[in-house]
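Q: what follows is a protein structure lacking sequence information:
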Ligand SMILES: [Mg+2]
């Protein structure tokens, strides 16, 4: 099998009103798909973090490493590309671009063998994955009423776990968590995320103010660069810590995992270097008995990829009873790039996302909708 063409498709959806996190709000959702075609006519799909022409340029730039190559050589090709560009470091849009291509190659390998990616990774350990509603977004007003509506919506959809944004200040964190616990009840898992908006003192104060509400994890209390801050916080709070959405490759995660600075490791498949690097990160986390929960904030392609990856994750150290189920991030905001651009759709029921058993990622792009949301008029119909 030989790769004959790689194309980037830049997608964009303008949101009705801005929402986001403590660091800032967004006015649109965007991402870049990668479509890889082989000489046998197979098409593999991947997703690269970030929309806009810079992502497309990066994909075009790194494509030369893959031209006329065998998709089954994906690890050799990835390392060759990374090492050829080592002056740029192992992070940023070129790594995301390589990860998007890697994702498409796994899709191709699965299609070529008629197997889901989970099987290629090592086997499928579960048919459905407990999902948490990623919600409770910060808005321009961030009113209690808006937060209430988001939590109530998640409860109506059947989720047994919710993640809310915090990080404006510790007092506001307490109010948001208290309200969430009140609406969700005592049995729902509550996760919080400040997107690294704090320094160590304010992060500790925030953790102390919400500790009594039984927090399942505190995500990115500090900036990803603040390794010492994570160590400081880890020694002082009982809340499990999570991070990884802003880290790249196995090298970016190494310090966090080896030093036990986080309890939940969160690689994003569209950013960290695709399945190939996520697998290395997962194995490293596994060796330290840490939890892994992929970060998912993209289109249906990224959701499908994360589903395959999480379905593979071996149940460890358990055989039968899993005291703390692995958690799948399911963003519940309105985003047709997540819900509409594939033919199959996702089944999220009673707080679980079902695992698709189709070949590769198990999805087919809807070309009409890709065309509709293509930011620059590009389309996979070029194939
Ligand atoms: Mg986050």
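A: Sure thing, it's come through. As the structure is a prediction and not an experimental result, all values here were calculated from the model. Numbering: from 1, shown residues only.

Q: quick check: residues of the stretch 101-250 of the chain near the ion?
A: 193, 219 (Cβ under 5 Å from the ion). All C-beta atoms are positioned from the backbone trio N, CA, C, and that covers glycine.

Q: tell me which residue in the stretch 101-250 of the chain sits closest to the ion.
A: residue 193 (4.3 Å; Cβ to the ion).

Q: so what's that residue up against?
A: Residues in contact with residue 193 (Cβ atoms under 8 Å, 6 or more residues apart in numbering) are 21, 163, 164, 165, 166, 167, 218, 219, 220.

Q: quick check: closest non-adjacent residue to the fifth one.
A: What it means is residue 166. In this structure, residue 166 finds its nearest non-sequential neighbour in residue 173, 4.1 Å apart by Cβ to Cβ, 6 or more residues apart in numbering.

Q: contacts for stretch 118-130, please.
A: 106, 109-110, 113, 116, 160-161, 275, 279, 307-315, 325-328, 351-355, 357.

Q: what two of the contacts of residue 193 are the furthest from one another?
A: Largest separation among the contacts of residue 193 by Cβ to Cβ: 21 and 218, giving 14.0 Å.

Q: now the common contact residues for those two.
A: With Cβ under 8 Å, 6+ apart applied, the overlap between the contact sets of residue 21 and residue 218 consists of 193, 194.

Q: which of those two has more residues huddled nearby?
A: residue 218 (28 against 19; other Cβ atoms under 10 Å).

Q: mind listing residues that contact the helix or strand hosting the more buried one?
A: Element membership of residue 218 [criterion: DSSP states H and E] is strand 215-219. Contact partners of strand 215-219, identified using Cβ under 8 Å, 6+ apart, comprise 161, 163, 177, 189-195, 207, 210, 237, 239-243, 263-264, 266.

Q: and residue 46, backbone torsions?
A: When quoted as degrees, to the nearest 10, the phi and psi of residue 46 stand at phi -140, psi 180.

Q: make residue 1 into 44 and carry on from there
A: Sure, I'll start numbering at 44, so the last one becomes residue 89.

Q: ok, it touching residue 77?
A: Yes - Residue 89 is within contact range of residue 77, at 4.1 Å (criterion: Cβ atoms under 8 Å).

Q: joint contacts of the two?
A: 143, 144, 146, 147.

Q: list phi and psi for residue 145.
A: Note on residue 145: backbone dihedrals following degrees, to the nearest 10 are phi -60, psi -40.

Q: what sits against the nearest residue to it once chain neighbours are set aside?
A: Using Cβ to Cβ, 6+ apart and skipping residues adjacent in sequence, the residue nearest residue 145 is residue 317, 2.7 Å away. For residue 317, the contacting residues are 89, 117, 121, 141, 142, 143, 144, 145, 146, 148, 149, by Cβ under 8 Å, 6+ apart.

Q: let's go with 10 Å and repeat that
A: Listed by Cβ atoms under 10 Å, 6 or more residues apart in numbering, the contact set of residue 317 reads 77, 89-91, 117-118, 121, 138-139, 141-149, 310, 348, 352.

Q: then residue 404?
A: By Cβ under 10 Å, 6+ apart, the neighbours of residue 404 are 87-90, 146-147, 149-151, 153-154, 159-160, 318, 343-348, 350-351, 385, 387.

Q: residue 149 and residue 319 touch, don't they?
A: Yes - counting by Cβ atoms under 10 Å, residue 319 is a contact partner of residue 149 at 7.9 Å.

Q: for the two, indicate the residue with more neighbours.
A: Higher neighbour count among residue 149 and residue 319: residue 149, with 26 against 23, using other Cβ under 10 Å.

Q: report all helices and strands that the helix or strand following the strand holding residue 261 contacts.
A: Counting by DSSP H and E, the next helix or strand C-terminal to strand 258-262 is helix 270-277. Counting contacts by 3 or more Cβ pairs under 10 Å, 6 or more residues apart in numbering; DSSP states H and E, helix 270-277 packs against helix 243-253, strand 284-286, helix 292-301.

Q: in helix 270-277, which of the residues would be classed as buried?
A: 272, 273, 275, 276, 277 (16 or more other Cβ atoms under 10 Å).

Q: and if you look at stretch 278-298?
A: 280, 282-296.

Q: closest to residue 132 out of those residues?
A: residue 291 (8.4 Å).
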